[in-house]
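Chemist: dropping the sequence and predicted coords here.
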Amino acid sequence: MAEEHAIQLDDAGRPWVAARFRVRYFETDCMGIVHHAAYVTWFEEGRSAFTRALGYSYAQMEADGIGLAVSELSARYLAPARYDEEVTVVTRLDALRSRELVFSYEVQRSADAQTLATGMTHMISIDAQGRVRSLPAKLQTLTRGLTK
């Protein structure tokens, strides 16, 4: 779905990745406007692109016995995205704690860079039984120095 790029640092020193894709028909309502729930899926696509760019994908984390569960989510909708527009989801890693990652998102219309939505998720590290666990050492090593 998304085109992936390497991790970059913004002016504040936060790591980010951009994922670009076209709005699919099923993500829209009868007026051709993206349904609000699609943005949550786009946030997930951004997180997946981020972890792949980091070199430690969600799939590998799960193979290592760790999952990332959403413990908090917010979204603010500023302007509509429409069917077949290209959008870019910029995903930033804002915080890394022993058991938690905090990501922020900015969904932009690719043609003019207008911000369409912003959001945030808190992700808690859990094991296969759903118990909270420390983030994998590999993830902590890969992100060391990328967050403040």
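Modeler: On my side now, so go ahead. Nothing here was measured: the structure is a model prediction, and the numbers come from that model.

Chemist: send the alpha carbons of the helix or strand where Arg20 lies over as CSV?
Modeler: Element membership for Arg20, per DSSP states H and E: strand 15-22. Output of strand 15-22 as CSV, limited to C-alpha atoms (Å, rounded to 0.1, in the frame of the first residue of the first chain):
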residue,chain,number,x,y,z
PRO,A,15,12.7,10.7,13.9
TRP,A,16,10.1,10.4,11.2
VAL,A,17,9.1,8.4,8.2
ALA,A,18,6.7,9.3,5.3
ALA,A,19,4.4,6.7,3.8
ARG,A,20,2.6,7.8,0.6
PHE,A,21,-0.4,6.1,-1.0
ARG,A,22,-3.7,6.8,-2.9
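
Chemist: mind giving me the packing neighbours of it?
Modeler: Counting contacts by 3 or more CB pairs under 8 Å, 6 or more residues apart in numbering; DSSP states H and E, strand 15-22 is packed against strand 8-9, helix 36-54, strand 86-96. Placement of C-beta: from N, CA and C, glycine included.

Chemist: okay, these in JSON lines with mean neighbour count, distance to Tyr105 and mean pLDDT next?
Modeler: Formatted as JSON lines, the helices and strands packed on strand 15-22 follow (neighbours: other CB atoms under 10 Å; distance: least, CB to CB, whole Å; pLDDT from 0 to 100):
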{"stretch": "strand 8-9", "mean neighbour count": "12", "distance to Tyr105": "15", "mean pLDDT": "84"}
{"stretch": "helix 36-54", "mean neighbour count": "19", "distance to Tyr105": "5", "mean pLDDT": "95"}
{"stretch": "strand 86-96", "mean neighbour count": "20", "distance to Tyr105": "6", "mean pLDDT": "95"}
